[in-house]
Structure formats: structure tokens, C-alpha cells
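**Q** Predicted model and sequence below, questions to follow.
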Amino acid sequence: MFDFDEDIDRRGTQSLKWDKYRDQDILPLWVADTDFRSPPAVIEALQQRIAHGIFGYSRPSPRLINLIIQRMQTRYGWSIEPEWLLFMPGVVPGLNFACRAWCRPGRTILSPTPVYYPFLHAPEHNDRQIAAIPMRLGLDDRWIPDFEELERQASDADLLLLCHPHNPGGTVFSHEELERIANIAQRHDLVVCSDEIHCDLLLDQDVRHIPFASLNKDAAQRSAVLMAPSKTFNIAGLCCSFAIIPNPQLRTALQRSMRGLMADNNLLGFIAAEAAYEHGEAWLSAQLDYLRGNRDLLMTELNALPGVHVAKIQATYLAWIDVSALQLADPISFFEQAGVGLSPGAQFGDKAFVRLNFGCRRELLSEAIRRIKQAIINR
């Protein structure tokens with residue numbers, strides 16, 4: 001019904017991902033968008049709206065707001081109110097405005113690392129200090145925060161930036177793990193800003209995503225959940241995200257920090273989000289099946305290589321690859337010379353790793369794996 005093996009040429013389409021290596025024999029598996037055509041319902045809705053021909057200032061439709069409310073209830077048993085929603089062009093601006101709104105000057109912002117690099121830069125952009133909390137591999141081969149270190153550093157902090165599910169590690173945090181974080185936040189009066197943009201991309205079928213603010217009453221009153229349809233339905237370029245903030249004081253503080261600095265959302269982003277949430281579930285289910293196949297292939301092949309380890313990937317289409325045992329002076333250059341373009345681990349907080357995006361055709365992924373294997377075996 002949906003063809004995720006379709007070879008769609010993205011060169012010459014102003015694609016950040018593909019233009020990086022234009023005219024080079026390097027397969028781009030770096031920035032986090034997929035090579036899959038968006039759901040047919042999204043494309044049809046956009047075409048219908050474009051045919052109208054007028055693209056003035058816009059706001060989210062009551063239908064979109066109701067779809068988000070229904071989605072939170074159906075997927076997570078979480079009852080939210082319309083006034084809790086704040087729309088914004090992207091999750092990254094939300095992280096930056098969170099630093100302004102909820103951390104006092106001279107205080108610290110915590111974030112488990114390695115992590116999606118805007119988490120590391122947002123405090124600096126807003127004249128705040130960041131304290132990196134190391135992630136550790138648990139006995140079950142999942143990346144989890146060092147809870148003792150989080151507790152130790154929390155006394156000097158106002159804000160915790162949480163990436164859940166985790167990028168680049170692929171962990172879906174359990175209820176027990178989230179409760180440990182919430183208890184630390186309560187003891188030290190932290191606000192928690194939880195980036196949950198990958199919440200729909202669960203690959204392990206025995207796990208479930210739990211929005212941080214849905215944990216309990218205290219967590220709801222000290223947190224904001226950031227979500228978007230962008231990663232789920234490959235519509236990141238349309239710029240439509242939202243925050244769910246139950247606490248009116250936190251919500252007002254964020255709105256105040258955004259005044260005059262935050263652009264309005266893209267009209268077409270609203271249209272795409274509404275169509276995706278209303279009609280995209282069958283496409284999403286098929287995409288997840290395809291991504292599971294890609295993940296399994298990638299982990300089987302790479303973990304069989306000497307000096308390489310990929311921990312369990314429970315969610316996302318991103319693999320966090322440990323190449324420390326290879327002792328490469330420059331891992332990115334090494335793999336580019338092999339014809340594969342990856343994201344440097346240093347961006348996320350650990351230069352001994354690389355991140356690979358497996359949201360692509362299986363044929364392309366198989367070729368990338370072949371090149372990686374050949375480069376490592378022949379080094």
C-alpha cells in the first residue's frame with residue numbers, strides 16, 4: 001500500500017541532507033529527516049490548500065486542536081485542555097525559550113548527554129550555564145542517565161532539558177526511570193522541559209511512551225512537553241510544533257519570553273499536521289514496520305564488526321554507534337572516505353561515536369553497511 005522502497009531523487013530539491021554531498025559518491029545518512037514520501041493524505045491536503053491561492057497569516061484550526069487532545073487521550077490516557085497548547089515553528093526554539101523563561105541568570109540547566117546538540121547550545125545562546133549529566137549503558141544495553149550525578153548537580157539548577165525518547169541513544173524511558181527523574185525534580189524544585197518529538201517512532205513493540213507531564217500531578221505542574229508531527233510524518237520543513245504546558249504560570253512565562261522573537265507558524269504546517277494526525281495512522285504503522293527491518297539489519301551487521309557497538313534502539317530512526325575501539329583520529333572523515341556521510345558524535349557530546357540515520361530505502365542502507373564493513377575490515 002505504501003512503498004518505502006521507492007527511489008525518490010532528493011538531489012536538487014534544496015534538501016539539506018542531500019545537498020551536503022552533492023556531486024560526491026557519499027551516501028547521506030546524517031541529519032534527522034527520512035527519505036520517505038510523506039503520507040498521501042498530507043500531500044492531498046496540502047495540494048487542496050495551495051489551490052486556494054491565498055497564504056495569509058494563520059492559526060491552528062479547532063479541528064487540529066481537538067485531534068491533538070484526542071491523540072493524547074487515546075495514546076497515553078492523558079487528558080489535556082486546549083489552553084495548555086502553545087504552537088511554535090519548531091521544538092528547538094522551544095528549548096531556547098525554555099532556557100529564558102524557566103532558568104534564572106547565574107543558575108544551571110541540566111541535560112543528560114550525549115544528546116541532540118541544540119540541548120547543549122540553547123543554554124549558551126541564552127547566557128545560562130549547562131551541566132552535562134552523563135548517560136550510561138545499563139545492564140540491558142540501554143542508554144540511561146546517571147541518576148546519582150543528576151541528583152548531585154540538581155541543587156544548583158532551575159531547569160532540566162530531557163530528550164524522551166532519547167536522541168541519539170534511542171532509549172524509551174520506563175515509568176520507573178521517569179519517576180526517578182520526577183522525584184529529583186520535585187526535591188530540587190526543577191522545571192522539566194521534555195522534548196518528545198520522537199514519541200511516535202517506537203520500534204520495540206513491548207514499550208510505550210509516557211509523556212513526562214502525565215506522570216503525576218506534581219510532574220504536570222513543573223513541566224512542559226514539546227511535540228510535533230515533523231519526525232513522525234517527514235514534514236519537518238513545514239515547521240509546526242507545539243508545547244503542552246498544564247501550569248498557567250509556566251505557560252505565561254514562556255509566552256512572555258517568546259514575545260517579539262518567535263515567528264508565527266507556517267500555514268501549510270498546520271494543514272499538514274491536521275491531515276497527518278487525522279489520516280496518517282496506517283502510513284505510520286507501515287513506516288514503523290519498515291524501520292524495524294532497517295534497524296534489525298543495521299544492528300545485526302554492525303555489531304558483528306570488530307570494534308563497533310550499537311546499543312539497543314527502542315525508538316527513533318537513529319543509531320548511536322560506538323567506534324571508540326577503532327581509535328579513529330577523525331571518524332567522520334574515515335567514513336566519508338568510505339562513501340558514507342554520518343553525524344559526528346562530538347556534536348552530541350562524545351567524539352568516539354557517530355550517529356547514523358536509517359530512515360531510508362533498505363537498498364541504500366544495505367549499500368552503506370557494505371561500505372562501512374569494507375572500510376573497517378580493510379583499515
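**A** Happy to help now that I have it. Numbers count the residues shown, from 1 in each chain.

**Q** CA atoms for contacts and neighbours, from now on please.
**A** Fine.

**Q** how about the helices in the stretch 51-200 of the chain?
**A** In the stretch 51-200 of the chain, the segments counted as helices under DSSP state H, counting those that start in this stretch are 62-76, 91-102, 118-125, 147-153, 175-188.

**Q** contact partners of the first one?
**A** It refers to helix 62-76. Helix 62-76 is contacted from outside by 78-82, 209-211, 270, 273-274, 277-278, using CA atoms under 8 Å, 6 or more residues apart in numbering.

**Q** still on that earlier bit, dump the helices of the stretch 51-200 of the chain to a markdown table, plus mean neighbour count.
**A** Below are those laid out as a markdown table (neighbours: other CA atoms under 10 Å):
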| stretch | mean neighbour count |
| --- | --- |
| helix 62-76 | 15 |
| helix 91-102 | 22 |
| helix 118-125 | 20 |
| helix 147-153 | 15 |
| helix 175-188 | 17 |
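
**Q** Of these, which is nearest G339?
**A** For the helices of the stretch 51-200 of the chain, proximity to G339 was assessed by CA to CA; helix 118-125 is nearest, at 27.0 Å.

**Q** And that closest one, what does it pack against?
**A** Where contact means 3 or more CA pairs under 8 Å, 6 or more residues apart in numbering; DSSP states H and E, helix 118-125 is packed against helix 91-102, strand 108-113, strand 129-137.

**Q** Turn those into TSV, including distance to G170 and mean pLDDT.
**A** TSV is the format used below for the helices and strands packed on helix 118-125 (distance: least, CA to CA, whole Å; pLDDT from 0 to 100):
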stretch	distance to G170	mean pLDDT
helix 91-102	18	97
strand 108-113	13	98
strand 129-137	12	97
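
**Q** Which one, of these, ends up nearest to D218?
**A** Proximity to D218, assessed across these by CA to CA, is greatest for helix 91-102 (16.4 Å).

**Q** Could you check the angle the closest one makes with strand 108-113?
**A** 150 degrees (axes from the mean of the first three to the mean of the last three CA atoms, to 10 degrees).

**Q** neighbouring contacts of helix 91-102?
**A** Contacts for helix 91-102 (CA under 8 Å, 6+ apart): 88, 109, 118-119, 122-123, 125-126, 128, 158-159, 161, 191, 193, 195, 197, 226-228, 241-243, 250, 253-254, 256-258, 262.

**Q** Buried subset of those residues, written for ChimeraX?
**A** Applying 16 or more other CA atoms under 10 Å to those, the buried members can be selected in ChimeraX as follows:
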select :88,109,118,119,122,123,128,158,159,161,191,193,195,197,226,227,228,241,242,243,250,254,257,258
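
**Q** what's the burial count for A315?
**A** A315 has 30 neighbours, counted by other CA atoms under 10 Å.

**Q** Report all helices and strands that the strand or helix carrying I372 contacts.
**A** Taking DSSP states H and E as the criterion, I372 maps to helix 362-378. Counting contacts by 3+ CA pairs under 8 Å, 6+ apart, helix 362-378 packs against helix 281-302, strand 340-341.

**Q** out of those, deepest packed?
**A** strand 340-341 (a mean of 26; mean count of other CA atoms under 10 Å).

**Q** just checking, next helix/strand downstream of that one?
**A** By DSSP H and E, the next helix or strand past strand 340-341 is strand 343-344.

**Q** contacts for that following strand?
**A** Residues outside strand 343-344 that contact it (CA under 8 Å, 6+ apart): 29-31, 331-332, 351, 353-356.

**Q** Can you lay out the residues you listed as TSV showing pLDDT, secondary structure and distance to D146?
**A** Compiled in TSV, these are given as follows (pLDDT from 0 to 100; DSSP: H, G, I helix; E, B strand; the rest coil; distance: CA to CA, whole Å):
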residue	pLDDT	secondary structure	distance to D146
L29	98	coil	29
W30	98	coil	27
V31	97	coil	27
P331	98	helix	26
I332	98	helix	28
K351	96	coil	19
F353	98	strand	19
V354	98	strand	21
R355	98	strand	21
L356	98	strand	24
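
**Q** Is it possible to get a markdown table of these that adds distance to F233 and neighbour count?
**A** Shown next, in a markdown table, are those (distance: CA to CA, whole Å; neighbours: other CA atoms under 10 Å):
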| residue | distance to F233 | neighbour count |
| --- | --- | --- |
| L29 | 18 | 25 |
| W30 | 18 | 23 |
| V31 | 15 | 16 |
| P331 | 31 | 21 |
| I332 | 28 | 20 |
| K351 | 30 | 19 |
| F353 | 27 | 25 |
| V354 | 24 | 25 |
| R355 | 21 | 26 |
| L356 | 19 | 24 |
